[in-house]
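Q: Show me how the following folds:
(chains A, B and C)
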Amino acid sequence: MPRSHHDTSVDSLLVDLTEPQRAAVTHTDGPLLVLAGAGSGKTRVITRRAAYLAATVARPHQVVAITFTNKAANEMRDRILALGAGAGMTVCTFHSLCARLLRMHHDRADLAPNYTIFDQDDRRSLVKQAVRACELDPRNWRSGHVESAISAAKNEMLDPRAFAEQARGWVDKTIAGIYEVYERLLAEQQGLDFDDLLLRLARLLQDDDELRERLEERFRYVLIDEYQDTNNAQYAIAHLLTRERKNLCATGDPDQSIYGWRGANIGNILRFEQDHPDAEVVRLEQNYRSTRRILAAAGRLISANVNRKDKELWTENAEGAQVRVVDCDDAAAEAGYVAAGIAEALAAGRQPCEIAIFYRINALSLAPELALRRAGIAYQIARGQAFYGRKEIKDLLAYVRVLVNPADAVSLRRVVNVPARGIGKTTLARLEQAAVEGGRTLYEVIMDPEARRIAGRSAEKVNRFAELLASLQPLVDSPPSEALTEVFTRSGLRACLLDEEKADEVPTENVENLIAEAHKFETAEPEGTLTRWLEETSLLGDVDTVDESAGAVTLMTLHAAKGLEFPVVYVIGLEDGLLPFRRDEDTPTDLEEERRLCFVGMTRAMEELTLTHARYRLRRGQELRNVASPFLDELPEDEIEWLEEGEDPPTRRGSRAGPPDEAPSINPAQWRPGTLVYHQEHGVGRVQLLHPGSLNRALVVFEGGDAENFILEYADLTRMDPDELD
DNA sequence: CTACCGGATTTTTTT
DNA sequence: AATCCGGTAG
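A: Purely as a prediction, here's the structure:
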């Protein structure tokens, strides 16, 4: 390639950058900290810099860029490729980098090559097992607390012994015991939990100088995004990988640190300059994303944080509309307001993918979902985990996991009697006992014709199960989609689902979608093994499933929203106790982190931002009076427009424009006592009583004798003509 | 061994 | 409200 051509392409990487952006991009060797405010073009800088490195001082494969989510990684990879440099660059999340390196160097890490990644559920079940093994009452040692204690310990890079040593009270000492057993169980099953992925790689790099040097040689330039949300293990990895060359580029924003609760250490970014006295520091404070008013509101909010480096974002963007703050009666009214506003925006020409709804907790998605459905507006929820958490999906995955890693007893136990094949608790307990006594895995015991006699009357059933497993085993070398399809049929899962399908064909569809996903994986990675696919699947995050091209409004938690942007944003549930969140009176809240979370949500908005609050909200089944979030009082009045729901809501002002409009308005005349209705779950019923009001409520009694109160505007009730009966 | 019932606990946020 | 667990009955 002629030299001049080369130079032009490098120039084109710089030509449209501002001075600080260019400084960040062209800094090649030595530590670099990019303090990038929200919307300051950080991704642009990272991608340009990666491409610049690959075009000047490094080969693409010597650059590794680490992001927070897979979605961010994919986008970044695409953008770098689009710049014409960087095929072969490593762009991935911390977790997937760790998973891959540990797999590659399993021998040095003292791991089985086919180790499996244990997710939250698996971890829970192992913790429970550990609690039982310690002869503690599972009711007093609720897994939630123990799990987070163990996770915290791992984030601090404390092994069970170190944890026991620093344990103060009796509670911690007991947890140390559980931790130890948990680790043993995990090791027996060749499993690593999410925290282990980081911890084990950090330890490996610490202990194995030769490997560390090899990896340093390979990854000469390390870029880490969202550095404010790294935990101690990630911090250690970052520094171990850059020990000789110090080519560590960290980008982030202390004001967007929102993962303290899972061990993220905001100190990592605040200390960067002390860690690296020779570091170049670039500040990006011009915002290209939001209108002036949105930025002013968000900036005022975040300035209320005391523990904070002062920083002022500015923009040359238009002033824009005022930020709307809306008081609503209850969650339904709030959702109705949001849905109506969205309908109007769509009517005005907005695309659905330009609109997002954020909330503090997942439970808040329910009301908006309902309202959007009633309004005929397509939406998607960023909740990838939920899909993989489905029963039928987990069951199928468990079979596949057993193929990949027969030592995985959590999965084996899950499938041993799914579909029901007459191997119950007693039999399983006997088999497990035999396993413990013989120092073998549960799988080995099941497969061993001798030991199987232990099963007594159920021996024949265990026999057949063993044969099934043996016959499935060869599928481990098949392409993932094929393995899944075969397992689905031969395990009897498919028949079982079809059997139950009478009313519900969704589970089968879900499995089909899973297989389709596997197909996609094979296309992208033709050499991809089942093991790799499983790995990728277990490391999928919630945001990773959102699809801009889906033509749908996006709903997600504030945490998931980090790094994204939308022209139109609604943040709902701005109530004291919800945002800022308060679990209960004696669990302290990190108010500053909550405020940063709110800040993150607000700064996702490019043009229109609406914050809503409901005076009454259902919490744990009870309706509670809620006070508006103190954060709302911290906003600058000039930039805010306060609205009462119903005062001048953006309801049908162009009444016929917009999508099929079955919006939350019903004709009360169509409803009277005696009206026949159909409900998905309860079947056919008859309206008994009506309570008209701003929302029409109705008491419905169903054929089965069930009686339910519904809000007609939102309930999934279909009116029936009398002659439709029978 | 399965099926069902009542009580307890849950979710705050996630790779 | 919904799920999950343990216990009991069949």
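Q: From now on I want contacts and neighbour counts done on CA atoms only, so please keep to that.
A: OK.
Q: Who are the packing partners of the one helix or strand A:Ala23 maps to?
A: Using DSSP states H and E, A:Ala23 sits within helix A:19-26. Of the remaining helices and strands, those touching helix A:19-26 by 3 or more C-alpha pairs under 8 Å, 6 or more residues apart in numbering; DSSP states H and E are helix A:42-55, strand A:280-284.
Q: Contacts for the longest one, please.
A: Right, the one you point to is helix A:42-55. For helix A:42-55, the external contacting residues (C-alpha atoms under 8 Å, 6 or more residues apart in numbering) are A:6, A:10, A:13-14, A:21-22, A:24-26, A:28, A:36, A:59-60, A:63, A:65, A:76, A:79-80, A:83-86, A:223, A:251, A:284.
Q: A:Leu555: helix or strand, and which one exactly?
A: strand A:553-557.
Q: The next helix or strand after that strand: how far from the chain's middle?
A: Using DSSP H and E, the helix or strand that follows strand A:553-557 towards the C-terminus is helix A:558-561. Centroid separation between helix A:558-561 and its chain, computed with C-alpha atoms, centre = their mean, to the nearest Å, is 9 Å.
Q: just the angle between the helix or strand following helix A:558-561 and strand A:553-557, please?
A: For helix A:558-561, the following helix or strand on the C-terminal side (DSSP H and E) is strand A:566-571. With axes from the mean of the first three to the mean of the last three C-alpha atoms, to 10 degrees applied, the angle from strand A:566-571 to strand A:553-557 works out at 50 degrees.
Q: who touches A:Trp141 in this structure?
A: Counting by C-alpha under 8 Å, 6+ apart, A:Trp141 touches A:Val131.
Q: Phi and psi next, for it.
A: In terms of degrees, to the nearest 10, the main-chain angles of A:Trp141 are phi -120, psi 70.
Q: hey, which of the helices and strands packed on helix A:19-26 is tucked in deepest?
A: helix A:42-55 (a mean of 24; mean count of other C-alpha atoms under 10 Å).
Q: Distance from the chain centre to it, please.
A: 26 Å.
Q: ok, then the element right after that helix?
A: strand A:63-67.
Q: which residues sit against whichever helix or strand comes after that next one?
A: Per DSSP H and E, the first helix or strand lying C-terminal to strand A:63-67 is helix A:70-82. By C-alpha under 8 Å, 6+ apart, the residues outside helix A:70-82 that reach it are A:43, A:47-48, A:50-51, A:66-67, A:86-87, A:91-93, A:540-541, A:543-545, A:563.
Q: ok, now stretch A:290-300?
A: The contact list for stretch A:290-300 (C-alpha under 8 Å, 6+ apart) reads A:39, A:312-323, A:599, A:602-609, A:634-636, A:639-640.
Q: now swap in stretch A:574-584 and tell me
A: A:360-361, A:573, A:588-589, A:591, A:594-595, A:598, A:611-614, A:626-632.
Q: returning to what we had before: any chance of the helices and strands packed on helix A:19-26 in JSON lines with distance to DNA strand C and mean pLDDT as columns?
A: Below are the helices and strands packed on helix A:19-26 laid out as JSON lines (distance: least, C-alpha to the nearest atom of the strand, whole Å; pLDDT from 0 to 100):
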{"stretch": "helix A:42-55", "distance to DNA strand C": "39", "mean pLDDT": "93"}
{"stretch": "strand A:280-284", "distance to DNA strand C": "45", "mean pLDDT": "95"}
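Q: avg pLDDT for the top strand by length along chain A?
A: Selection of the longest strand in chain A by residue count, based on DSSP state E, yields strand A:605-619. What strand A:605-619 shows for mean pLDDT is 92.
Q: gap between the residue minimising distance to the centre of chain A and DNA strand C?
A: Chain A has A:Asp542 as the residue nearest its centroid, 2.9 Å off, counting by C-alpha atoms, centre = their mean. Distance of A:Asp542 to DNA strand C, computed by C-alpha to the nearest atom of the strand, to the nearest Å: 19 Å.
Q: contacting residues around that residue?
A: A:Asp542 makes contact with A:382-385, A:560, according to C-alpha under 8 Å, 6+ apart.
Q: Tell me the spacing between it and A:Pro406.
A: Computed as C-alpha to C-alpha, to the nearest Å, the A:Asp542 to A:Pro406 distance reads 28 Å.
Q: any weak-confidence spans in the stretch 251-400 of chain A?
A: Within the stretch 251-400 of chain A, the segments meeting pLDDT under 70 span A:384.
Q: does A:Ile140 count as helix, strand or coil?
A: Quick fix: residue A:140 is Asn, not Ile. Assigned with DSSP: H, G, I helix; E, B strand; the rest coil, A:Asn140 falls in the coil class.
Q: ok, it to A:Lys128 distance?
A: For A:Asn140, the distance to A:Lys128 - C-alpha to C-alpha - is 11 Å.
Q: And A:Glu19, by the same measure?
A: Distance of A:Glu19 to A:Lys128, computed by C-alpha to C-alpha: 56 Å.
Q: which helices and strands does the longest strand of chain A pack with?
A: Partner elements for strand A:605-619 (3+ C-alpha pairs under 8 Å, 6+ apart): helix A:292-302, strand A:323-330, helix A:331-347, strand A:566-571, strand A:622-625.
Q: Rebuild these as TSV, extending it with mean neighbour count and distance to A:Lys394.
A: Rendered in TSV, the data for the helices and strands packed on strand A:605-619 read as follows (neighbours: other C-alpha atoms under 10 Å; distance: least, C-alpha to C-alpha, whole Å):
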stretch	mean neighbour count	distance to A:Lys394
helix A:292-302	23	41
strand A:323-330	22	36
helix A:331-347	23	32
strand A:566-571	23	32
strand A:622-625	12	32
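Q: Nearest to DNA strand B, out of these?
A: DNA strand B lies closest, by C-alpha to the nearest atom of the strand, to one member of these: strand A:622-625, at 10.3 Å.
Q: ok, the closest one: who's next to it in the sheet?
A: Strand pairing for strand A:622-625, using DSSP bridges, gives strand A:605-619 (antiparallel).
Q: pLDDT below threshold where in chain A?
A: For chain A, residues meeting the criterion pLDDT under 70 lie at A:1-8, A:138, A:384, A:500-504, A:646-726.
Q: please redo it, this time with the cut-off set to 50
A: Within chain A, the stretches with pLDDT under 50 are A:1-5, A:647-665, A:693-695, A:721-726.
Q: picking that back up, buried set for the helix holding A:Ala23?
A: Within helix A:19-26, the residues that count as buried by 16 or more other C-alpha atoms under 10 Å are A:20-26.
Q: Give the next helix or strand downstream of it.
A: Using DSSP H and E, the helix or strand that follows helix A:19-26 in sequence is strand A:32-36.
Q: Convert the C-alpha atoms of that following strand to PDB, please.
A: This file holds the C-alpha atoms of strand A:32-36, laid out as PDB (Å, rounded to 0.1, in the frame of the first residue of the first chain):
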ATOM      1  CA  LEU A  32      -3.900   8.000  29.400                       C
ATOM      2  CA  LEU A  33      -7.000   9.000  31.300                       C
ATOM      3  CA  VAL A  34     -10.000  10.400  29.400                       C
ATOM      4  CA  LEU A  35     -12.500  12.000  31.700                       C
ATOM      5  CA  ALA A  36     -15.400  12.000  29.400                       C
END
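Q: who touches it?
A: Where contact means C-alpha under 8 Å, 6+ apart, the residues beyond strand A:32-36 that reach it are A:24, A:42, A:247-253, A:272, A:279-285.
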